[in-house]
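Peer 1: Predicted coordinates and the sequence they were generated for:
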Amino acid sequence: GEKVVVIKSEFMGEGDNELGKVLIKGFIYALSQQDELPQTMLFYNGGAFLTCEGSESLEDLKSLEAQGVEIRTCGTCLNFYGLTEKLQVGEVTNMYDIAERMSKADRIIKP
């Protein structure tokens, strides 16, 4: 079935933000090495930073995209954080698309 990864923050878990950044980078790298990749990755709120200029995960996200994973980042979130011109991987999406993809997914992974 369809597997969707939803990333809502530039950090993984709660507690120390520096540790959280290391963990999310490790998660995205580990995901890129899996035999079974997700069909889609959705990025919103603070997760939008991960698909933009300066992100330490760009190489891994570009690898995932090259392997057929759709990378989608919330346009409202990019606008809010002033990142619209800094998007480096994937496409801009909206909340309608995010809601539709999440509701149709067989599995949602939220690191």
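Peer 2: Sure thing, it's come through.

Peer 1: Can you report how many residues neighbour F80?
Peer 2: Using other Cβ atoms under 10 Å, the number of residues around F80 comes to 12. Glycine gets a C-beta too; all of them are placed from N, C-alpha and C.

Peer 1: longest helix in this protein, by residue count?
Peer 2: For the chain, the longest helix by residue count, based on DSSP state H, is helix 17-32.

Peer 1: which of the residues in that one are buried?
Peer 2: G20, K21, L23, I24, K25, F27, I28, Y29, L31, S32 (16 or more other Cβ atoms under 10 Å).

Peer 1: Outside of that helix itself, which residues are in contact with it?
Peer 2: 5, 7, 9-14, 37-38, 50, 56-57, 60-61, 63-64, 67, 111 (Cβ atoms under 8 Å, 6 or more residues apart in numbering).

Peer 1: Turn the buried residues of helix 17-32 into CSV, including distance to Y96 and pLDDT.
Peer 2: Converted to CSV, the buried residues of helix 17-32 look like this (distance: Cβ to Cβ, whole Å; pLDDT from 0 to 100):
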residue, distance to Y96, pLDDT
G20, 29, 97
K21, 30, 97
L23, 30, 98
I24, 26, 98
K25, 30, 98
F27, 27, 98
I28, 25, 98
Y29, 30, 98
L31, 25, 97
S32, 28, 96
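
Peer 1: For F43, give its distance to Y81.
Peer 2: Here the criterion is Cβ to Cβ, to the nearest Å. By it, F43 lies 11 Å from Y81.

Peer 1: So between these two, which is more surrounded?
Peer 2: Taking neighbours as other Cβ under 10 Å, F43 and Y81 compare with F43 leading, 29 against 14.
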